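Novice: here is a sequence together with a model predicted from it:
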Amino acid sequence: MKTMKYIAAACLLCAVTSCELERLDYTEIYPENFPKTETDLRLAVNALYYDFNPRGFNGVFSAGYEGYQVMSDITTDALWSCWAWEADDYYYHQWYATMGGAVADDVYAAFARYNFLSKARNAVRRIEASDVNEEAKALYSGEAKALRGWMALYLYDLFGPVPVASDEVLDDPETFVYLPRLTDEEYDEMMETDLRDAIRDLPEKAEARGRMTKGAARMILLKYYMIRGFFDKAETLARELYAMEGSVYSLQGDYNYIFSKEGAGNDEVILQIPCNSTASWYSNYMTAEVLPADYPWAEKAEGWGGYVIPWDFYDTFEEGDVRRQNIITEYTNTSGVHIDRSNSTQLAKGALPLKYGMDPDMTGAQSGVDLVIYRYSDVLLSLAECIVRNGGQPTQEAVSLVNRVRDRAGLEPLSVEQTGTKEAFLDAILLERGHEFYLEGLRRQDLIRFGKYVEYANGRINEANAVEGQGYFNVDEGHNRFFIPQTFIDESKGEIKQNDYDR
Amino acid sequence: MKNILSCFALAASLTFAAFAAACDDEHDDIRPGLYTSQEMIETFPGDTVLVTGTVSNYVGISSVTLSCESWGIEKVYDLTREEPTVFNYSYQLIVPQTATFDQTLEIRVCDKNGLDTRKAVVLSFLPDMEAPTASSVPEQVEVKFGEEETGKGFWNLNLSVSDDRALKEARIEIPGIRFDKTVELSGREGKIEETVEFSAVGSFPVTITVADASGNRKVISTEAMVILEEVENPFEDYPQMYVVDAGENPDDYVNGYYRYMDRVGEYQYQGSFYAAGDNTEVFFVPEKSMDGDLFGASPQVSSKLMNNNGYVVPVVIGKAGYYGIWIDLNAHTYSMWPLEIPADVCTEPLWMSGTGFSFGEWGASDEMTRTGYRYTVETEITDYTGDRQYYFYTAGWTRQFRADTAGNWWYEATGGTCVTFNTDYRGKVLVTFDTAAPWGTIKKIIE
Amino acid sequence: MKTIHLYVRHLGLVLSLLLMTVSLAAQTIQVKGVVKDKSGETVIGASVQVKGTASGTITDLDGNFVLPDVKKGSVIVVSYIGFVTQEKEASSTMEFILSEDSEMLDEVVVVGYGTQKKSSISGSVASVKADELPTAASASVGAMLRGRAAGMNITSTSANPGGSMSIAIRGGLSGQAPLIVVDGVPQVSSKTVMAGTAYSGGEKENSLINLNPNDIETIDILKDASAAAIYGSDASGGVILITTKRGKTGKPDISYSGSVAFQYMKDVPKFLNARDFMIEQNKVFDELGRGDEKRYTDEQIANFVGDGTDWMDEVTRVGIVQEHNLSLSAGTEQTKYLFSLSYYDHQGIAKNNSMNRITGRLNVDQTINRMLKAGISATFSQVKYHDVPLGNGKQDNSALIYSAMTFIPTVSVYDEEGNYSNNPIRDIYPNPVSLLDITDQTTSRDLFVSGYLEFKPIEELTFRGTVGFDMKDVQADQYIPTTTKKGFSMNGQGSKQNAKTQMNLVNLIGTYAKTFGGRHDLNVMAGVEYKKSSWEGMGIVTSQFPYDGALMNNLGISEQEKPTISSNKGANEMASFISRLNYTFDSKYILTVNLRVDGSSNFSKEHQWGVFPGVSAAWRLNEESWLKNVRWLSNLKLRAGVGQTGNAGNLTGINSYYTVSQGAFAPNGTLANGIAFSKLGNENLKWETLTDYNIGVDFGFFNNRLSGSVDLFQRFRKDVILTRSLMSYHEINTIDYNSAEVYRSRGVDLELHSVNFDTKDFGWTTDVNFSFYRNHTTERDPEFIPEVYQDYVEEWGNIYGYRTDGLIQMDQKYTHLPSSNAGSILYQDLYGYKLDGNGNRMRDSEGRYIRLEGADGVLDAADMVVLANSTPIPFSINNTFRWRNWDANIYLYGSLNGWKVNDLKLQSIYGIEDITYGVNALEEVKNRWSPANPNGTMPGVAEASSGVNPGSSDFFLEKAWYLRLDNVSIGYTFPSKWFKNRIRSVRLYASGRNLAVFTPYQGMDPETDNGIGAYPNQASFAIGLDVKF
């Protein structure tokens, strides 16, 4: 009897110590069972879109100064704000590498997004490694590669090449590898491999407004080529997009319809951020940033009354330009008082770019109108520019492309002098792009491409110093790129080299 | 067992409660506080008056009553449920139409111990001294003769009138065509819409008298100008307009004769002007020349603006002074209103500087002599290659008055551009600058 | 407890003299005798029975007894507690020498997986008898244990009904709450559940709240690791072993105890009444230079009578606490059972705020045959809370108490139309009475069943198998109606959240106990245990309701497009091997070795198993020959022990996983979810270990009239789990890791128990508990860089801040305080950074910036100094009195050291400016500095815009040591004669709880939360009844 007891106790004891204890928590999805199905792939890609949302500090396309579109316009002649402080730092290029304050925080937040390239790369590898049908894998890895290209374009545009981790480094996060910035050639190779795959795998029309498409991937690569100055490759790519007219894209008849609530998903838009006014992190705040508090608008709308188009830039618009319709120079406010330059601090600085139409159920600062990123008219103007830059002098095709955009804006065709020489035609294109894409965040790229970004900035600095006696310092060509925050340089133990900033 | 315990508990709690209640009895004999925001109310029958105030006491308030028997007002706030220790009342008192005056409104507050406080608010009659008001009517009104029907001219007069209490009637008299009509009105707002038929050309004085219930009257007079169709030259929605002094000769001026008017809407422009003396005459021109289009008043209807160079007569500014001017070419109307002098208007000594004058490049002119807000100085225009510029400044450049390069706007600034002009005139000039409505002019001095 | 023994003895003696009957008839003999113990001492009150008959007597003061008319040949049986019973044939004169029953010499202490005699304990264990604890007006046994055991510092963090407790054993170095084991089975830690997003009730205590204090027999606390090691990786915070009462042999013993207590608010800060408010607001407007914005005319102030609305009075009431307990215990030799029911109801002093608890318990012990014994202990408890919004949120988030303190006193509760009136100046502030409309109910149920089977094949060897099952579920419901401001803006918000946690346990223990050769007392225990705990829960929060009527009971009618829904589920397992050796040589030298091998699924693959040893030895000096017969020394024992326990900490860092991010993208404008990689696991992450060193001495003098123990301890905590950041370009750039930091705690615990008087009519005992400890961080991670004012080996509890020197007077200006005008606090600029050639700060060898004496014109971190150290010194003193049938108790506990910022005064700095918005402020504000009152001690309006946080200075830092008069009670036990023996005893008592706090701290309460929005503390007056049938 006793021995039986001993045997029983012994086997219970060894059963306990040897077995494998298992822990489970259903809120944690473990790597071994994700991604498994096609919906998993879509959910993984959905999470990547989150970084481009239009809200507050964490979104690339937020309506604040840190937003890509606002940062690209307010540092040029095309946009300003009556809130001074940070707005003037941007408008008069008063930034330098060792500065503190709000601009430094914005630049830090922008550069810190370079880990998205690793996140997207890991997502692509997980999608390709999953055993889902090939067709779904191609679609979603294409979408992830396009998003990776989009963020890489944003980073290159602001900072130039950034460090990118190789797959081996990504697989072993706990060892500290100090990465230098990629060379321009390496960056080109990364962009082309990603975006060529995306162009191959993505559908012509997305299954939902806001998702990546073949055209959008082409547009991102086209923008990259224009920044890099590869105008020959840019021309061929622009012609591929040009060929999609009629089947996929078209030039809308009514310019302002494109940016209206009813116009959501119109076929001139190549890439947009879809908005929903009930979700605060997916609402369009561009309207609130411009709308004066006393401007008659949607019933529950709330305006902060900040951004303006400076009067000098407004005056370059020609008479009768349809695109001036949503740029307000004076209005009668909600209490019946006539408001114009003389009695409004905002209007004193410039006209109101109320480009995005009224969303009747806008609540507070949140409007549901989609945020437009790239449009088909950009294809026409870019193609025209490439033809002239490659050919050396304006051709009939280039001129007719520009005149289609001018005609849509209700303007006469370009005059003979404007299309006479290459320089005059390019200047005409630059001005036309300024008017066509106000508030769409393309002005900085255009001015840098035309070599006028710093020149215009110094012009504004001198005028401010002369007229208002400000003490702004002048800037040099180094300002075509933003500075890299010192914390990242320190972390990389000096591998990352600063852009052209002496202090 | 349990019920023994609970009755025991009940006894204990009663003793505690009694102890707690007794402790604050020393405030029991204090009357409640009553505050009314108005001691005396001036009102009139049909008016509504807001009576506000606060009642308060250490113990709870049971009721607040506002009563005035003669006006049949008895408002009771029954607060017995909550018995608050402070209560803000605000009562919309409606004065009956049949109200007689110098009554008193008695406000009485009563607390839960029955103590009460009363206050009497005097209700006195506020005579109606206020005359009715009417929308503005221009001095002269144009009636086109023979336009709709041959041999007839129709003038549809519409006028909105209002009164602080009650309107009674409006009488329209046009002696020239023996037209005399009285329109009944009531309430505080009214609209007069009449179509008057003229059977002959000419000018007919019109008087409209609006009366309110208390007999206060508002007289409006205008003149109906029944005229044949006037021919007007074609015009367009110019980018800007200029106001000019019809009494001056443009050739006498080197700079500043044409005064810029902003385009504020389709066919609408707005600017400012200084009339040196009474009955100063002005014209409006779209270009800096008097030969092209020229806008003035119709010789027949002084309030009608029309473009007919040579036919129109200048618009007359009755009294001297600073005026804002607003014109609408399409509606053929204009309006002028006196500008107030800005508070921080500059009256310090002023100098002129610039290029192309006898005082040398960016040199300083003599100190300008000031009359009112207008500064003048004599200087001389000399040979000068390049654009000629000028601006005005006070001692130490604390305040500077400059203009944009085209000379459209003059404004106070601490630096920046100056107006640039060219002239082939050489010789003495009189430079004037007006700090009240900033504008600079250079006029030749012809010996 | 001792006193009751003596008391029973005396009573027994007196009774027996009274009941002496006439001696029986002839052919019987008279037996006279004496009973002594082995050492020749006479045994008083021993029971002397004639076997087989009902007649018997007990020995008198000299141990003699007389038994008249005893039949010849019958057997006399003499027995007494603690001695072996003896039987002898009756003879006329007899003498009995009773030998001590070593088994029952002294009390038994529960030490985890078994019990041990107190004399043979070598670890540091503190015991508390549950019957001594005052139960009136205390919900959880945690509240009653405050200060009862040296080294266990319990503070209640909030004063609301069922408010949360923080239990820290020996300085709380591990940051973990102690493990609570009831009848050998650990409780599952339940998940706190928060309903709703806008408001929440006070934090709740969820570890001891579901136990009925009257069910508890003893509470033993394993303080040091040598004792706690037996519970291994859960025991780093110490172990509290709770043993519930078991059934007793004899006829059914029914007892009822109950009490009713009334609670009144105490230490409530005074805020301005209406008239003062109007006067002060006008003054503040003048001081801010905005005189034209004044709202109240002098005439309005003059006509104001009374104090205006007393908002605190509108939202509070007299609290009532009732408790009723019924317990029935009975048993034969074979079956002993105890059945108890209890009902506890606490109507809190805030209206609509209440808590009630119902518990039921059944303990059965059944002896099946000579070898087999079994038993179960099952309890069910249900606790229901009705909560009111609490917390220190400001402006539109202000909860009940905060808004009652700060709402404008010049408006009534309801306006003319009967709606809740608003603050006329700025209407974002919620009307305090409207917050009472919020429904917030939480119901938590606990079913706790454990059963054991004991098999004793031979006398020395027992096998005991235990099966335990603890299931807790919490259901929290909340509805914010549209009559409140927040409810109006969301059209009502309804929320239901629930969480279920469950623990199943099975263990098999074998214990072998034998005394070899009378001198070697060996006790060996070994066993295995398997525990599986699982949890699940779900919740929904939604708004946009068409009407309020259905509250949160019909969430389907909400029109919110995408309500927030969530659910979770998970489980983890744990297996352990347990063993203990206890060897006593000649009852003088004691050795105890505990060993536990723990395996948990929470640990990573490589570290799934951990070993936790604990060794302790003790020497009982009083058993030594040279001390044996020292009259006045009754007990002297030296103890020493070292042991290790584990601390799983937040060990969830071992797994890499993805999580769902709701609404990551909005294709076509409609929200869609995404899944993203969210945590990088660290495979070789292991648990933190705590190593304890403990030396102690237990002493007892004058026959244990004065006894106690002193323990010196030192603890080290290593491998602390922290978060490290990786290279910033990685997808996830943080990971949990075992840091090189070492925390050390050193301290001393002192326990004293003295029986001052113990005569027949009068008894007085005193207990004193005292513990002093200091915690330090001794080692750091290599990349750690200390602050300029921070020393490398840093003492916990240090308060750093600026020194201040009164207020800035008229037209004084200081360069280092650029935006501080007259009336703001004068912070002192004591130091400046040491700069090198081109102006950069220099660092010392440890990487710390160097600072130099003397002002540098800048107020920055360099000027911060150690202001004070707030490590508490827990202390308590308990006096129990007995005079004839009266008994009384006076109990004080507290901490002899403490520093706290007076949060009321600190908030009044910003409160001054808020007065202009119609927000009421502390009455002290009247004594603020202003040009008209230059020697005011409170800062003026200028301080709010000084740009410096006054909380990080010593201006409002106050001494906060305190002694709380926790319990004063007096009771009377009616003589049982009155009830003709049908009722054994009836005791009636009255007690006062938390009557006073002796402290220099002028804030609300030195122990509980003391912000403006804190739940006010209460004094309670209770009357209670204990009846035993």
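Specialist: That came in fine, so what should we check first? Residues are numbered from 1 along each chain as shown, chains lettered A, B, ... in the order given.
Novice: how close does residue C:35 get to chain A?
Specialist: 42 Å (Cβ to the nearest Cβ, to the nearest Å). Every residue, glycine included, has its C-beta placed from N, CA and C.
Novice: which residues of the stretch 201-350 of chain C lie near chain B?
Specialist: Residues of the stretch 201-350 of chain C lying close to chain B (Cβ under 8 Å from any Cβ of the partner chain) are C:256, C:258, C:260, C:262, C:274, C:299-300, C:303-310, C:318, C:320, C:322, C:324.
Novice: in helices, which of these fall?
Specialist: Helix and strand membership here follows DSSP state H; of these, those in helices are C:274, C:299-300.
Novice: element containing the closest residue to chain B within chain A?
Specialist: Here chain A gets closest to chain B at one residue, residue A:467, 3.3 Å apart by Cβ to the nearest Cβ. Per DSSP states H and E, residue A:467 falls inside helix A:453-468.
Novice: and the average pLDDT for that helix is what?
Specialist: When pLDDT is averaged along helix A:453-468, the result is 91.
Novice: which secondary structure element of chain A has the lowest mean pLDDT?
Specialist: helix A:2-18 (a mean of 56; mean pLDDT, DSSP states H and E).
Novice: who does the following helix or strand past that one pair up with?
Specialist: Downstream of helix A:2-18, the next assigned helix or strand under DSSP H and E is strand A:24-25. Take DSSP bridges as the rule and strand A:24-25 pairs in its sheet with strand C:564-585 (antiparallel).
Novice: coming back round to it: my read: the residue of chain A closest to chain B touches residue B:413, true?
Specialist: Yes. At 6.0 Å, residue A:467 counts as touching residue B:413 under the criterion of Cβ atoms under 8 Å.
Novice: so between these two, which is more surrounded?
Specialist: residue B:413 (17 against 14; other Cβ atoms under 10 Å in any protein chain shown).
Novice: spit out the contact partners of the closest residue to the more buried one other than its chain neighbours.
Specialist: In this structure, residue B:413 finds its nearest non-sequential neighbour in residue B:402, 5.1 Å apart by Cβ to Cβ, 6 or more residues apart in numbering or on different chains. Residue B:402 makes contact with B:391, B:410-411, B:413, B:416-419 under the criterion Cβ atoms under 8 Å, 6 or more residues apart in numbering or on different chains.
Novice: quick check: bridge partners of residue B:402?
Specialist: residue B:411.
Novice: so which residue of the stretch 51-200 of chain A comes closest to chain C?
Specialist: residue A:119 (4.3 Å).
Novice: mind telling me what element that residue is part of?
Specialist: With DSSP H and E as criterion, residue A:119 is part of helix A:115-129.
Novice: check which helices and strands that helix sits against.
Specialist: helix A:38-49, helix A:134-159, helix A:167-171, strand C:672-679 (3 or more Cβ pairs under 8 Å, 6 or more residues apart in numbering or on different chains; DSSP states H and E).
Novice: wait, which of those is closest to residue C:589?
Specialist: The minimum distance between residue C:589 and the helices and strands packed on helix A:115-129 falls on strand C:672-679, with 52.3 Å, by Cβ to Cβ.
Novice: what is the closest one packed up against?
Specialist: Judged by 3+ Cβ pairs under 8 Å, 6+ apart, strand C:672-679 is in contact with helix A:38-49, helix A:115-129, strand C:657-665.
Novice: ok but residue C:206 is inside a strand, no?
Specialist: No. Counting by DSSP: H, G, I helix; E, B strand; the rest coil, residue C:206 is located in no strand; its state is coil.
Novice: give me the most central residue, chain B.
Specialist: residue B:337 (10.0 Å; Cα atoms, centre = their mean).
Novice: quick check: bridge partners of that one?
Specialist: residue B:324.
Novice: just checking, it touches residue B:323?
Specialist: Yes. Judged on Cβ under 8 Å, residue B:337 makes contact with residue B:323 at a distance of 6.8 Å.
Novice: domain map for the chain?
Specialist: Just so you know, I chose chain A. A:35-246+A:485-491, A:275-369 (automatic domain parsing).
Novice: oops, chain B please
Specialist: If you go by automatic domain parsing, chain B breaks into B:30-125, B:133-227, B:241-338, B:350-444.
Novice: now tabulate the ones you listed in CSV and tack on distance to residue C:267.
Specialist: Putting the domains of chain B into CSV (distance: least, Cβ to Cβ, whole Å) gives the following:
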stretch, distance to residue C:267
domain B:30-125, 24
domain B:133-227, 60
domain B:241-338, 68
domain B:350-444, 62
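Novice: a markdown table for these, including mean pLDDT?
Specialist: Below are these laid out as a markdown table (pLDDT from 0 to 100):
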| stretch | mean pLDDT |
| --- | --- |
| domain B:30-125 | 90 |
| domain B:133-227 | 85 |
| domain B:241-338 | 89 |
| domain B:350-444 | 86 |
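Novice: give me the number of residues near the residue of the stretch 251-400 of chain B found nearest chain C?
Specialist: With Cβ to the nearest Cβ as the measure, residue B:343 is the residue of the stretch 251-400 of chain B nearest to chain C, at 19.8 Å. By the measure other Cβ under 10 Å, the count of residues near residue B:343 is 5.
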